[in-house]
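Need a 3D model of the sequence below.
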Amino acid sequence: MMETPKINRKILTRGLPKTGQTSIYVAGDDGTYQAGWWQKRLNANNRSRFIMKTVAGDDIIIDRATGLWWALDEACSINNNRNVLTWSAAVQYPTGRSYAGKSDWRLPNVQEIVSIINFDVYNPAIYGSTFFLSNLSFWTSTTSAINSLNAWFCDIASGDISFATKLWEFPIYCCRGGI
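Numbering: from 1, shown residues only. Model (predicted):
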């Protein structure tokens, strides 16, 4: 008889951020386990996930759960000074631009933007809201599988993820490194 392999929850959630839900609605839900980065530590006792640094004169946020670097201010140069762009222009905008001494900045994919959403708060529904101050919607680099004329965006105020035609215009929030 073949044994069922044991699943080590700590390994499965290593590097994956917590969702932020701390309320328990039903025993066994996300609020019960608060699985994710720094597993088995309740959010109140959690280590600081986001740290701010100044690199080459530019302020950045380092997400210790995912390894992503984010520009501290969405109105900075790498984020096109908060100006709106169509999706194709948004994807191309950070290419080759230097910020914090690095030139590999890019739009986050949909999973990367979701990684900073805190599903237990609203307006903004985002971790580290002292760093990520926006309540705007931002493009991701991910095209919708339903229709390649659409791409995913994230509404930071609500945490909603949806898709829109690539001809719409949203601002960008660039990152580098990552999951």
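
Name the SS class of Cys154, please.
strand (DSSP: H, G, I helix; E, B strand; the rest coil).

The spatially closest residue to it that is not a sequence neighbour: how many residues sit nearby?
Leaving out its chain neighbours, the residue that sits closest to Cys154 by C-beta to C-beta, 6 or more residues apart in numbering is Ile113, at 4.5 Å. To be clear about C-beta, it is placed using only N, CA and C from the backbone, and glycine gets the same treatment. Residues lying near Ile113 (other C-beta atoms under 10 Å) number 25.

so Ile113, which of the three states?
Assigned with three-state DSSP, Ile113 falls in the helix class.

Now do it against Ser144, distance only.
Distance of Ile113 to Ser144, computed by C-beta to C-beta, to the nearest Å: 14 Å.

cool, and Cys76?
Distance of Cys76 to Ser144, given as C-beta to C-beta: 28 Å.

Repeat that for Ile156.
Taken as C-beta to C-beta, the span from Ile156 to Ser144 is 19 Å.

Pick out whichever of those two has more residues nearby.
Legend: neighbour count by other C-beta under 10 Å for Ile156 and Ser144, higher for Ile156 (24 against 16).

Quick check: that one touching Tyr122?
No. Using C-beta atoms under 8 Å, Ile156 is not in contact with Tyr122; the gap is 10.5 Å.

remind me which residues of this structure are low pLDDT?
Residue ranges of the chain with pLDDT under 70: 1-21, 30, 32-33, 35-47, 124-135, 178-179.

how about the helices in it?
Applying DSSP state H to the chain gives helices spanning 9-12, 30-33, 87-92, 110-114.

Does anything pack onto the longest one? Which helices or strands?
By that I understand helix 87-92. strand 137-143 (3 or more C-beta pairs under 8 Å, 6 or more residues apart in numbering; DSSP states H and E).

by contact count, what packs against the strand it packs on?
Counting by 3+ C-beta pairs under 8 Å, 6+ apart, strand 137-143 packs on helix 87-92, helix 110-114, strand 150-155.

give me that answer again for 10 Å
Counting by 3 or more C-beta pairs under 10 Å, 6 or more residues apart in numbering; DSSP states H and E, the packing neighbours recorded for strand 137-143 are helix 87-92, helix 110-114, strand 150-155, strand 161-165.
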